[in-house]
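Student: this is a predicted model, with the sequence first.
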Amino acid sequence: MNSPSLHNSIRKVRALVAATLILPALASLSFSAQAAEKKKVTGTNKFGPAICRTVVPLGPGDDPKHELVVLAIYRATTTSPDPDINGSELIAYEQSDQVAGTGTHWGYFRRLYKDGDTDYGTYEGTVKTSFKEDGSWEATTWENTWKVTGGTGKFKNTKGSGTGRGKATAQESLDEFEGEVEY
């Protein structure tokens with residue numbers, strides 16, 4: 001009973017079984033990829049003092065108020081109405097180029113969520129410092145745009161972007177952010 005029609009029948013049965021098992025699996029992957037929805041996010045990062053801050057020494061003839069920060073590391077705790085983000089920790093690795101406290105800043109961030117997952121990305125923006133009449137520091141404000149580019153665990157394929165705006169005074173340093181992410 002080794003006829004070509006038997007072999008054709010067996011091939012057809014195998015193809016049918018494969019289609020029955022494989023097509024639903026492929027369809028579920030397609031639906032899970034489509035299941036990622038864009039989600040609005042908002043929150044406030046409360047920063048502690050700088051963990052580290054390294055400034056390049058001035059060169060001959062440079063403006064004495066010019067400051068080039070090659071690395072500043074900041075840590076913040078986040079409050080947010082989003083339960084995924086609320087209570088997370090943000091670490092920012094920043095560079096800046098400023099004259100009299102006004103200029104640009106850019107860097108990288110990593111957010112550690114309560115469950116151990118992380119996400120990460122970049123930011124860039126402007127900084128402006130105001131001084132009291134006696135010349136002492138009063139406050140620093142900033143605005144930036146941010147982009148999340150990846151992560152681990154639940155946030156492995158996360159993508160998104162948004163804006164931030166903040167203010168540092170002698171009492172506190174807060175950054176309010178908003179944007180849209182998908183994961």
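Tutor: Looks like it arrived, so ask away.

Student: OK, contacts around the closest residue to K159 other than its chain neighbours?
Tutor: Counting by C-beta to C-beta, 6 or more residues apart in numbering, E182 is the residue found nearest to K159 once chain neighbours are left out, at 5.8 Å. Backbone N, C-alpha and C define where each C-beta goes, glycine included. E182 sits next to A36, E37, K38, K39, T158, K159, G160 when contact means C-beta atoms under 8 Å, 6 or more residues apart in numbering.

Student: show the contacting residues for the fifth one.
Tutor: Taking C-beta under 8 Å, 6+ apart, we find T158 in contact with D119, V148, G150, G151, V181, E182, Y183.

Student: bridging residues for D119?
Tutor: R111, G151 (DSSP bridges).

Student: then V127?
Tutor: G103, W142.

Student: against Y183, how distant is it?
Tutor: 30 Å (C-beta to C-beta, to the nearest Å).

Student: swap in S80?
Tutor: 15 Å.

Student: in terms of neighbours, single out the busier of these two.
Tutor: Y183 (20 against 16; other C-beta atoms under 10 Å).

Student: just the helices from the protein, written as ranges.
Tutor: 4-35 (DSSP state H).

Student: so where is this protein shaky, pLDDT-wise?
Tutor: 1-35 (pLDDT under 70).

Student: just the strands in it please.
Tutor: 38-47, 52-56, 66-79, 89-99, 102-112, 118-131, 137-151, 159-168, 173-182 (DSSP state E).

Student: spatially, what comes nearest to S161 if we skip its sequence neighbours?
Tutor: K147 (4.6 Å).

Student: CA atoms of stretch 54-72 as PDB?
Tutor: The C-alpha coordinates for stretch 54-72 follow below in PDB (Å, rounded to 0.1, in the frame of the first residue of the first chain):
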ATOM      1  CA  THR A  54      31.700  67.300  36.500                       C
ATOM      2  CA  VAL A  55      32.500  70.600  34.800                       C
ATOM      3  CA  VAL A  56      35.200  71.300  32.200                       C
ATOM      4  CA  PRO A  57      37.600  74.000  33.300                       C
ATOM      5  CA  LEU A  58      37.400  77.300  31.400                       C
ATOM      6  CA  GLY A  59      39.800  77.900  28.500                       C
ATOM      7  CA  PRO A  60      41.900  81.000  28.000                       C
ATOM      8  CA  GLY A  61      39.700  83.900  26.900                       C
ATOM      9  CA  ASP A  62      36.400  82.000  27.600                       C
ATOM     10  CA  ASP A  63      33.500  83.900  29.200                       C
ATOM     11  CA  PRO A  64      34.000  83.500  33.000                       C
ATOM     12  CA  LYS A  65      30.200  82.700  33.200                       C
ATOM     13  CA  HIS A  66      30.500  79.800  30.700                       C
ATOM     14  CA  GLU A  67      30.000  76.300  32.100                       C
ATOM     15  CA  LEU A  68      30.300  73.100  30.200                       C
ATOM     16  CA  VAL A  69      29.000  70.200  32.300                       C
ATOM     17  CA  VAL A  70      30.300  66.900  30.800                       C
ATOM     18  CA  LEU A  71      28.300  64.800  33.300                       C
ATOM     19  CA  ALA A  72      25.700  65.400  35.900                       C
END
